[in-house]
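Colleague: here are the coordinates; sequence isn't available:
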């Protein structure tokens, strides 16, 4: 797979107006998930666990001082109890899938005392366009879901066929991240009744959820000496990139400097 050209390079802080570097990393859920779309992955398979540890070692080269994961903010105490157990006995754990398999190991290698859960749960209806009489643009809506990748041959929807490293490279590809925003939110704006905005209103809920996740990130005390690693499902990564890239506080780091 051809890696994307990315001009987001890690430069000296003095050249980035003292912005805090953030390695915002997209993954699929390596355990059970309520997401509408999931990727086949046996988190109990020893080979998969070893592959996840290899990915963690790559990410640890970033030398994070703060690690944020897709665990609800209100579960931080439980998260860190699990993490402390892992530090005492660093055997693979399926706690929140990728959190236990990847983030815990990155934290251990980075000698961090704790992690931060920044997720905020909010429900919304992925399938609203199938449940209403769509009077906005049902043609575009249906055509998109029939084959969402037909307009971009660089991407593949068959992630299950890829080894873990290649799968994560695809998920962190800028065009794939754009796709995740579209398929999870923007395409819903093509669905609605004659005088209604049902699709757009559902999409707004997903924007709201991700803005709240971003707000939780901003609750964490940090300075320009910190280095932040965020591990979350791909659609959250995609939204966070949008917010981070416009932020006066943060500077995003090219994932492909470490995902090799």
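Modeller: Sure thing, it's come through. All figures in this text were calculated on a predicted structure; none of them were measured in a lab.

Colleague: report the buried residues of the helix or strand harbouring residue 78.
Modeller: Assigning secondary structure by DSSP states H and E places residue 78 in helix 76-88. For helix 76-88, the neighbour count (16 or more other C-beta atoms under 10 Å) marks 76, 79, 80, 82, 83, 86 as buried. Where C-beta positions appear, they are placed from N, C-alpha and C, glycine not excepted.

Colleague: next: stretch 229-248.
Modeller: 229-241, 243-244, 247.

Colleague: ok, stretch 148-166 next?
Modeller: 149, 155, 156, 159, 162, 164.

Colleague: just those: which has the poorest pLDDT?
Modeller: Lowest pLDDT among the buried residues of stretch 148-166: residue 156, with 63.

Colleague: name the element residue 251 belongs to?
Modeller: Using DSSP H and E, residue 251 falls in strand 250-252.

Colleague: cool, residue 68 as well?
Modeller: Going by DSSP H and E, residue 68 is part of strand 66-72.

Colleague: all strands of this protein, in order?
Modeller: Using DSSP state E, the strands of the chain run over residues 20-27, 66-72, 116-119, 228-233, 250-252.

Colleague: out of those, nearest to residue 219?
Modeller: For these, the distance to residue 219 is smallest for strand 116-119, at 8.0 Å, taking C-beta to C-beta.

Colleague: what would the strands of the chain look like in CSV with distance to residue 177?
Modeller: Formatted as CSV, the strands of the chain follow (distance: least, C-beta to C-beta, whole Å):
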stretch, distance to residue 177
strand 20-27, 7
strand 66-72, 15
strand 116-119, 18
strand 228-233, 11
strand 250-252, 11
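
Colleague: ok, which of these comes nearest residue 134?
Modeller: Among the strands of the chain, strand 228-233 sits nearest to residue 134 (C-beta to C-beta), with 27.3 Å.

Colleague: from the chain's centre, how far out does the closest one sit?
Modeller: From the chain centre to the centre of strand 228-233 is a distance of 6 Å (C-alpha atoms, centre = their mean, to the nearest Å).

Colleague: what are the contacting residues of it?
Modeller: Residues outside strand 228-233 that contact it (C-beta atoms under 8 Å, 6 or more residues apart in numbering) are 20-29, 33, 35, 59, 62, 64-70, 98-99, 102-103, 106, 118-119, 213, 217, 222, 237, 240, 250.

Colleague: in its sheet, what does that strand sit against?
Modeller: strand 20-27 (parallel), strand 66-72 (parallel) (DSSP bridges).

Colleague: just the mean pLDDT for it, thanks.
Modeller: 97.

Colleague: average model confidence for the strand holding residue 251?
Modeller: pLDDT averaged over strand 250-252 gives 97.

Colleague: what helices or strands is it leaning on?
Modeller: Here strand 250-252 touches strand 20-27, helix 234-245, going by 3 or more C-beta pairs under 8 Å, 6 or more residues apart in numbering; DSSP states H and E.

Colleague: what would the ones you listed look like in a markdown table with distance to residue 178?
Modeller: Putting those into a markdown table (distance: least, C-beta to C-beta, whole Å) gives the following:
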| stretch | distance to residue 178 |
| --- | --- |
| strand 20-27 | 12 |
| helix 234-245 | 7 |
